[in-house]
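Q: Here's a sequence, model it:
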Amino acid sequence: MGLDWKKWTKNDVNFGIILPIVAVLVIVFVSKLPSLVGGGFDDPTFGIVMGITMEIFELVVIVGVPLALGLLWNQWAGGSSGFLMGSFYALYWANSFRGISGSGTVLLAYIVSPMLIGYMAGALNKRSDNFKRILISALIASTIGGIVLFTIFQMSSANVVTGTIGFALTVLARMLAAVLTAVVVKVFFWYGMGAHKNPNIS
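A: Numbering: from 1, shown residues only. Below you'll find the model as predicted:
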């Protein structure tokens, strides 16, 4: 039976109105950080803030989304969402790479890495709501996905992510995203938003 139209709870207000509004405001604030610091492209502060903003955007789109869907649902949801989100992200950068030799390889890396992350997370977690399994699955998938991304980058003449620092930043950022995503996924399971099927973990 559906809920009566008069039956509203505090949680309905918190999670149905306040939380979505706060999330939107945070997203808008993060997107406006570069312009808020001012100083233009030559200002080091602007460059740092811009770099952090773009990294957050990248991690949400091509790590967090496919990882969460893989952990919550299955490998097919994770892999297909990774393909879609990676394709969108590659299209976002396609204009900037236009005419640059080797750019196709970089854009391809943006597609296959999230696809691998989402698929692997789902295949390893098997819809389990056990936090340790969620976390381990997320870390393995994101770490391998980061290594694959960095390796494919090295095959391109358009690549600017190089060396030990480039490798560490690529992989460690994805590992951090995996930890945060695992926490979010566990919260989703608490509220019954995961796939309703007992995992077959043997």
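Q: quick one: terminal-to-terminal distance for stretch 11-20?
A: Start and end residues of stretch 11-20 are separated by 13 Å (Cα to Cα, to the nearest Å).
Q: Can you give the distance of it from its chain's centre?
A: 23 Å (Cα atoms, centre = their mean, to the nearest Å).
Q: now do stretch 111-128
A: With Cα atoms, centre = their mean, you get 12 Å for stretch 111-128.
Q: Can you list the buried residues in that stretch?
A: By 16 or more other Cβ atoms under 10 Å, the buried positions in stretch 111-128 come out as 111-128. The way it works is simple: take the backbone N, C-alpha and C, and place the C-beta from them, glycine included.
Q: Was I right to think residue 122 contacts residue 70?
A: Yes. In this structure, residue 122 is within contact of residue 70 by Cβ atoms under 8 Å, at 3.5 Å.
Q: what do the two both touch?
A: In the contact map built from Cβ atoms under 8 Å, 6 or more residues apart in numbering, the residues linked to both residue 122 and residue 70 are 77-79.
Q: Give me the buried entries from these.
A: Judged by 16+ other Cβ under 10 Å, buried ones among those: 77-79.
Q: ok, those residues vs residue 136, which is closest?
A: Ranked by distance to residue 136 (Cβ to Cβ), these are led by residue 78 at 15.4 Å.
Q: So which elements touch the helix or strand containing residue 107?
A: Per DSSP states H and E: residue 107 is located in helix 103-125. Secondary-structure packing of helix 103-125 (3 or more Cβ pairs under 8 Å, 6 or more residues apart in numbering; DSSP states H and E): helix 65-72, helix 75-94, helix 131-153.
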